[in-house]
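Trainee: Build me a structure from this.
(chains A and B)
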Amino acid sequence: MGVARYIKDDKGAIQEVVYQSGITVKPVYGPQDLETAGFSYEQDLGKPGEYPFTRSLHPQGYRSRAWTTRQYTGFGTPEQTNERFKLMIAKGQNGLNVAFDLPTQMGYDSDHPLAEGEVGRVGMAVDSLKDFLTAFEGIPLDRIGSGLTINAVASIMMAMYQALGETRGFDKTRISCTPQNDILKEMIGRGAWIFPVAHGVRLVGDTIEYAVKELPRSNPVSICGYHIRESGATPAQEIAYAFEIARAYIDTVAQRGIDPSDFVGRFSFNFNVYGNLWEQVAKFRAARKIWAQMLKEDYGVTEKKKLFLRGLFGGGGSGLTKEEPENNIMRGAFYALGAALSGAQTTALCSFDEAYTIPTPRSALLSLKTLELLMDEVGLRDTVDPLAGSYFIETLTLEMADKIKEEMAWVREMGGIVSGISEGVIQKKVSQQAYEFEKGLQSGEYKKVGKTPGKEDEGAEVELHRYNEEWARTSKDSLAEVKRTRHEKAVTDTLRALEKAAKCKDNVMPPLVDCCKAFATVGEMADVFRQTFGEWQEPIFY
Amino acid sequence: METKNKIRVLVAKPGLDGHDKGAKIVALALRDAGMEVIYSGLHQTLDQIISTAVQESVDVIGLSIMSGAHLPICKKLTAMMKEHGLTDVSLVVGGVIPQQDIQTLEQMGVAAVFPGGTAFDTIVTEINQLFA
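Mentor: As a prediction, this is how the structure comes out:
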């Protein structure tokens, strides 16, 4: 049953329950469990809104403010994406979460041979500032913040967002963007990396340093345990690897002589809600505590707000099934319930048709309404951290914290996350686990409702988003138009300045902003990096 | 196929998509089923896939495609396989493949299609049958 291991007797009664993180759950919990675990209200929980923030970042939780909803949106041309953005905002969404197509994520323009068949397919195609101006047309950039799901070329997109704001008359201090910008997680899962590890980490460092100085409302990095979990990590590993990745980014910026207290408050996270409900709630409560402790103890950060584990807890992609796809609507609702019980500050849900492809407007709105319903109808805003004090949840939260810390220690003992990823050790561990889990699903040891073990997915009749080949032509035409009308000298000069900064280890962000304003293309800027840094040769482990 | 010769499979991720969990776990399953598996790594061009297939003298090329671009990719690759004389190499495809595209893929010359969630046993059996 479920994603945990359930051992049953011959009458079908459950004898043993083991969660993915390796915690055995008892049938009954009582006060003695908290006593045995050495539970202390002050040390382990504290008041909501107080260190170590296990219960909540804010004293009154959702009473003071409901969560921010940010459905992942973007496809086809910038015009279509703009239309969808406006629809989602009109229906109550209060932040954007931009999906880019694969060529854009990989730093290729729409007319590149490798982009063939992919332009506008899994997200919006962006070649130049012109596309951003179209995609964000009419969006109040001082009121709506944008998550940008982009990693290898996040520096380029952050510069593009600033160029967009300034062209539209919004000062860079008033706009807010959160590029995902977590290249190390791309190397564990998701795979949208380009440059070798050290250069990738350096670009993350450049964006953080720049945002600290120039973009006060932007959050330069969103570390994604999410995709690590989707690749096969346990919930405890999801948090542990994300925190060790965060440590790598903190260290690289600190080595430039910047005090971590000046920038860690800008880190945000993206975590997954897929899995056993209780394990998720315990995971997030433990994670808030461990993050605050790590910043305080390892980096001397003291200011309260800078110790907050901020981020998006949502998604749940791995849980979806192609069989009986409408079941995914209910799954989404329960995942969202887990996020709400965990005090998620920002959230988004995978839509029910995403087992097939990117969502239709109807399915995206169903996700949005699920989130709204939890806040406005069911009572999730009534009181902060409603599960606190449960013998089970508090015991589990302590056990999850131990598991997360164990994994973090393992990573550090082998020389840190950068070395673990460079050598492929983390990837190998995660793939092996994914394989074991898949075998368990196929044998019926794990269960997803609607799936028959040993039987293929059977598609159902659902209305699906369809890709249109025309989008590629529109993007290519638009790119050709940009190249015809821009001032070539400005492009050459700014690209040359970018190359110099890349080579001299100056911060690449100021020249990138100039390149974007000169309508240099994403492909041209990424090519400067490709030529300067080379490309990563991944260790082949499976 | 004689038992003394193991089936050699190239598991490849063509194009820009980096979601490699499916490719890796299928590679592990095929290896556990006694096949010799070469995994290409990410971001392979079709030229690279053809050249690895030739160099490694594989019997099967298994593509993992999650981005939705399976039709254009397979159309091109089947043509390239013919050009390079890889007529005795079977092409199989897995990933996010809608039911309605399976027939089109088979008409292009794809020997078997394994949409996400296909049981490892089915994949192994069907690949073995290609050489029965």
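Trainee: now check stretch A:474-489, is it near chain B?
Mentor: No: counting by CB under 8 Å from any CB of the partner chain, chain B has no neighbours in stretch A:474-489; the shortest distance is 14.9 Å. Placement of C-beta: from N, CA and C, glycine included.
Trainee: how about the helices of the stretch 151-300 of chain A, start to end?
Mentor: A:154-167, A:183-188, A:197-214, A:225-230, A:235-254, A:277-299 (DSSP state H, counting those that start in this stretch).
Trainee: could these go into TSV alongside mean neighbour count and distance to A:Arg486?
Mentor: Shown next, in TSV, are the helices of the stretch 151-300 of chain A (neighbours: other CB atoms under 10 Å in any protein chain shown; distance: least, CB to CB, whole Å):
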stretch	mean neighbour count	distance to A:Arg486
helix A:154-167	25	13
helix A:183-188	27	29
helix A:197-214	21	24
helix A:225-230	28	35
helix A:235-254	25	34
helix A:277-299	22	44
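Trainee: could I get these as CSV with distance to A:Glu413?
Mentor: Below are the helices of the stretch 151-300 of chain A laid out as CSV (distance: least, CB to CB, whole Å):
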stretch, distance to A:Glu413
helix A:154-167, 30
helix A:183-188, 18
helix A:197-214, 19
helix A:225-230, 19
helix A:235-254, 11
helix A:277-299, 16
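Trainee: can I get those helices in a markdown table with mean pLDDT and distance to chain B?
Mentor: Shown next, in a markdown table, are these (pLDDT from 0 to 100; distance: least, CB to the nearest CB, whole Å):
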| stretch | mean pLDDT | distance to chain B |
| --- | --- | --- |
| helix A:154-167 | 98 | 15 |
| helix A:183-188 | 97 | 7 |
| helix A:197-214 | 98 | 14 |
| helix A:225-230 | 96 | 7 |
| helix A:235-254 | 98 | 14 |
| helix A:277-299 | 98 | 20 |
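Trainee: what element comes up after the strand or helix carrying B:Ile73 heading to the C-terminus?
Mentor: Element membership for B:Ile73, per DSSP states H and E: helix B:70-83. Following helix B:70-83 in sequence order, the next helix or strand is strand B:90-95 (DSSP H and E).
Trainee: what about that following strand, near chain A?
Mentor: No: judged by CB under 8 Å from any CB, strand B:90-95 stays clear of chain A, getting no closer than 11.0 Å.
Trainee: Can you list the helices and strands that that strand packs against?
Mentor: Secondary-structure packing of strand B:90-95 (3 or more CB pairs under 8 Å, 6 or more residues apart in numbering or on different chains; DSSP states H and E): helix B:21-32, strand B:60-65, helix B:70-83, strand B:112-115, helix B:120-130.
Trainee: out of these, deepest packed?
Mentor: With neighbours defined as mean count of other CB atoms under 10 Å in any protein chain shown, the helices and strands packed on strand B:90-95 peak in mean count at strand B:60-65, which reaches a mean of 25.
Trainee: partners of that strand in the sheet?
Mentor: strand B:8-12 (parallel), strand B:90-95 (parallel) (DSSP bridges).
Trainee: Export the helix holding B:Ile73 to CSV, keeping only CA atoms.
Mentor: Taking Å, rounded to 0.1, in the frame of the first residue of the first chain, the C-alpha atoms of helix B:70-83 are listed here in CSV:
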residue,chain,number,x,y,z
HIS,B,70,9.1,11.2,-29.8
LEU,B,71,7.5,11.4,-33.3
PRO,B,72,10.0,13.8,-34.9
ILE,B,73,13.0,12.1,-33.2
CYS,B,74,12.0,8.5,-34.2
LYS,B,75,11.2,9.6,-37.8
LYS,B,76,14.7,11.0,-38.2
LEU,B,77,16.5,8.2,-36.4
THR,B,78,14.8,5.4,-38.4
ALA,B,79,15.9,7.1,-41.6
MET,B,80,19.4,7.5,-40.3
MET,B,81,19.6,3.9,-39.2
LYS,B,82,18.7,2.9,-42.8
GLU,B,83,21.3,5.2,-44.2
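Trainee: could you give the angle of it to strand B:60-65?
Mentor: Going by axes from the mean of the first three to the mean of the last three CA atoms, to 10 degrees, helix B:70-83 is angled at 160 degrees with respect to strand B:60-65.
Trainee: before we move on, back to that, with distance to A:Leu45, mean pLDDT and mean neighbour count added, can I get the strands paired with strand B:60-65 in JSON lines?
Mentor: Shown next, in JSON lines, are the strands paired with strand B:60-65 (distance: least, CB to CB, whole Å; pLDDT from 0 to 100; neighbours: other CB atoms under 10 Å in any protein chain shown):
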{"stretch": "strand B:8-12", "distance to A:Leu45": "48", "mean pLDDT": "97", "mean neighbour count": "24"}
{"stretch": "strand B:90-95", "distance to A:Leu45": "45", "mean pLDDT": "97", "mean neighbour count": "22"}
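Trainee: Can I get those in CSV including distance to A:Leu87?
Mentor: Putting these into CSV (distance: least, CB to CB, whole Å) gives the following:
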stretch, distance to A:Leu87
strand B:8-12, 38
strand B:90-95, 29
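Trainee: Residue numbers of chain B in contact with chain A?
Mentor: Counting by CB under 8 Å from any CB, chain B sits next to chain A at B:13, B:15-21, B:23-25, B:27-29, B:39, B:41-43, B:45, B:67-69, B:72-73, B:96, B:98-99, B:114-122.
Trainee: Just name whatever secondary elements the one helix or strand A:Glu436 maps to is in contact with.
Mentor: Applying DSSP H and E as the criterion places A:Glu436 in helix A:425-443. Helix A:425-443 is packed against helix A:183-188, helix A:417-422, helix B:21-32, helix B:120-130, with contacts defined by 3+ CB pairs under 8 Å, 6+ apart.
Trainee: ok, and what's touching that helix?
Mentor: A:3, A:5, A:20, A:187-189, A:228, A:231-234, A:237, A:241, A:411, A:414, A:417, A:420-421, A:446-448, A:451, A:453-454, A:539, A:541-542, B:21, B:24-25, B:28-29, B:119-121 (CB atoms under 8 Å, 6 or more residues apart in numbering or on different chains).
Trainee: wait, A:Asp109 sits on A:Met525?
Mentor: No: the criterion here is CB atoms under 8 Å, and A:Asp109 misses it with A:Met525 at 10.2 Å.
Trainee: Can you classify the residue of chain B found nearest chain A by secondary structure?
Mentor: With CB to the nearest CB, the shortest gap between chain B and chain A falls at B:Gly18, namely 1.7 Å. Here B:Gly18 is coil, with the state taken from DSSP: H, G, I helix; E, B strand; the rest coil.
Trainee: How about the contacts made by the closest residue to B:Val96 other than its chain neighbours?
Mentor: The spatially closest residue to B:Val96, leaving aside those adjacent along the chain, is B:Met66, at 4.9 Å (CB to CB, 6 or more residues apart in numbering or on different chains). Neighbouring residues of B:Met66 by CB under 8 Å, 6+ apart: B:Asp17, B:His19, B:Gly22, B:Gly95, B:Val96, B:Gly116.
Trainee: quick one, phi/psi of B:Met66?
Mentor: phi -110, psi -10 (degrees, to the nearest 10).
Trainee: what about the spatially closest residue to A:Gly232 that is not a sequence neighbour, how many neighbours?
Mentor: Ranked by CB to CB, 6+ apart and with sequence neighbours excluded, the top spatial neighbour of A:Gly232 is A:Ala434, at 2.8 Å. Residues near A:Ala434, counting by other CB atoms under 10 Å in any protein chain shown, number 23.
Trainee: Okay, A:Ala434 and B:Val113: tell me how far apart.
Mentor: With distances taken as CB to CB, to the nearest Å, A:Ala434 is found 22 Å from B:Val113.
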